[in-house]
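Student: got a predicted structure plus its sequence, pasted below:
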Amino acid sequence: KAQSPMSAASDEEGSPGVIAARAALLTSRLIGADPASLSRKLEADLLQRLDKIVRHPGCIAAVKKVCSDAHGEASAQQIVEQLELAARILTLVLTKTPGALDRLAGAAPRCEELPDDAEEIIALSGESVLFGPLVVQLIKIIEAAKPRDHVQQDEEGSTLSRLRGNLALFFAQICAAQASDDAPPPIRQLDLEPLVVALVPSLRMERGAVQNNIG
């Protein structure tokens, strides 16, 4: 029996992908409103989840497909939408949550003093998200997201543009940390040279706020 358009739309609204995207959007808004309130435990859990999205085996191919055809394969568009939300949340956490970048890079102390009235001890596990491989993957994503042509006015603020803009903000934070005299080894040893090749075309071909972020 064929589904009615309303039934099909309802099924799509309740699909795991749509639910996950809505949850990610809500998370980004909550963190954006008060990033400093993020607990250490929630921060670690969130970074693990974001790492899985960013390192999804098909995400690079999906970005390239959407760059080639913005109205093409629906599954590729969905992956890029989830990737953009993940990049947005990751950038919010690392640029706005105090100490988050140092903790991710392994530069923060692994022990902390607990208050006398602490009711539980949350064990700090080993480096659950590998900083170096995560940064390398994000560089690959921003390379794949290079615009093929000048972004038109009706394309401004598209998913791909937002992805480029958020990653540009992320790497601006990394570059600033690397330039610091007391940059920890995991940050100091990063090879960020490929970013130049990736970001120059985006700077020339993007427009508006995204172009400003990249600049």
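Tutor: Nice, I can see it.
Student: so what's the residue sitting nearest the centre point of the chain up against?
Tutor: In the chain, the centroid-proximal residue (C-alpha atoms, centre = their mean) is residue 87; its distance is 1.4 Å. Residues near residue 87 by C-beta atoms under 8 Å, 6 or more residues apart in numbering: 54, 138, 141, 163, 166, 167, 170. Any C-beta I mention is one placed from the backbone N, CA and C, and that applies to glycine too.
Student: gap between the first one and residue 145?
Tutor: Spelled out, it's residue 54. According to C-beta to C-beta, to the nearest Å, residue 54 and residue 145 sit 13 Å apart.
Student: so which of the two has more stuff around it?
Tutor: residue 145 (24 against 20; other C-beta atoms under 10 Å).
Student: phi, psi for the more buried one please.
Tutor: As for residue 145, its main-chain torsions (degrees, to the nearest 10) stand at phi -90, psi 0.
Student: run through this protein and note the low-pLDDT ranges.
Tutor: Applying pLDDT under 70 to the chain flags the ranges 1-21, 107-127, 151-157, 201-215.
Student: how far out from the middle of the chain is the biggest helix by length in the chain?
Tutor: As assigned by DSSP state H, the longest helix anywhere in the chain is helix 74-96. Using C-alpha atoms, centre = their mean, to the nearest Å, the mean C-alpha position of helix 74-96 is found 5 Å from that of the whole chain.
Student: helix or strand next in line after that helix, which one?
Tutor: helix 100-104 (DSSP states H and E).
Student: buried residues in the host helix or strand of residue 45, which are they?
Tutor: Using DSSP H and E, residue 45 maps to helix 40-54. Across helix 40-54, burial judged by 16 or more other C-beta atoms under 10 Å covers 43, 44, 46, 47, 50, 51, 53, 54.
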